[in-house]
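Q: Give me a 3D structure for the following:
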Amino acid sequence: MNASHTTAAHMTNLVTLAELLERLEHSAVPVAADQYRSVVTHLVHEFNDVTPDPALGVLLDTHPAAAELYENLNYQHAGLCRSGLDMALGAELKAREAIARAMRPLNPGAMNGQS
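A: Residues are numbered from 1 along each chain as shown. Predicted coordinates for the structure are as follows:
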């Protein structure tokens with residue numbers, strides 16, 4: 001078998017598993033943990049054998065659950081490279097606001113029913 005057939009077959013496997021993971025993620029009915037784990041494990045094995053190329057980028061752009069998995073698998077090399085900067089910045093700002101609220105001293109009058 002030549003390399004182009006192997007690459008096409010590999011990409012077919014990636015697409016099939018990524019689509020299945022999306023369906024499991026958005027399922028209206030509960031999904032068995034073993035089934036979910038099996039799909040993720042197979043997808044991890046496929047990702048281990050993939051070389052980054054434009055086709056992989058398209059797959060990850062259209063399958064958010066697979067993209068998150070791929071990003072987590074490659075975190076040590078590239079960080080959260082597929083996460084949008086706006087989303088990351090928004091999350092950081094919300095976290096800072098929550099921390100600031102948690103650090104504010106309580107209003108003693110509020111505890112006694114006074115404002």
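
Q: And the contacts of the longest helix along the chain?
A: When the chain is parsed with DSSP state H, its longest helix is helix 3-25. Outside helix 3-25, the residues within contact range by CB atoms under 8 Å, 6 or more residues apart in numbering are 31, 35-36, 39-40, 42-43, 46-47, 49-50, 55-56, 59, 63-66, 69. The way it works is simple: take the backbone N, C-alpha and C, and place the C-beta from them, glycine included.

Q: And stretch 29-36, by the same measure?
A: Applying CB under 8 Å, 6+ apart, the set of residues contacting stretch 29-36 is Leu24.

Q: Over to stretch 90-100?
A: Stretch 90-100 has contacts (CB under 8 Å, 6+ apart) with no other residue.

Q: average pLDDT across it?
A: Model confidence over stretch 90-100 averages 84 on the pLDDT scale.

Q: Can I get it in PDB, CA atoms only?
A: Provided in PDB are the C-alpha atoms of stretch 90-100 (Å, rounded to 0.1, in the frame of the first residue of the first chain):
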ATOM      1  CA  GLY A  90     -12.300  36.400  28.800                       C
ATOM      2  CA  ALA A  91     -11.900  33.400  31.100                       C
ATOM      3  CA  GLU A  92      -8.900  35.000  32.800                       C
ATOM      4  CA  LEU A  93     -10.800  38.200  33.400                       C
ATOM      5  CA  LYS A  94     -13.800  36.300  34.800                       C
ATOM      6  CA  ALA A  95     -11.500  34.400  37.100                       C
ATOM      7  CA  ARG A  96      -9.800  37.600  38.300                       C
ATOM      8  CA  GLU A  97     -13.300  39.100  39.000                       C
ATOM      9  CA  ALA A  98     -14.400  36.000  41.000                       C
ATOM     10  CA  ILE A  99     -11.200  36.000  43.000                       C
ATOM     11  CA  ALA A 100     -11.600  39.800  43.800                       C
END
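
Q: Fine by me, we can end here.
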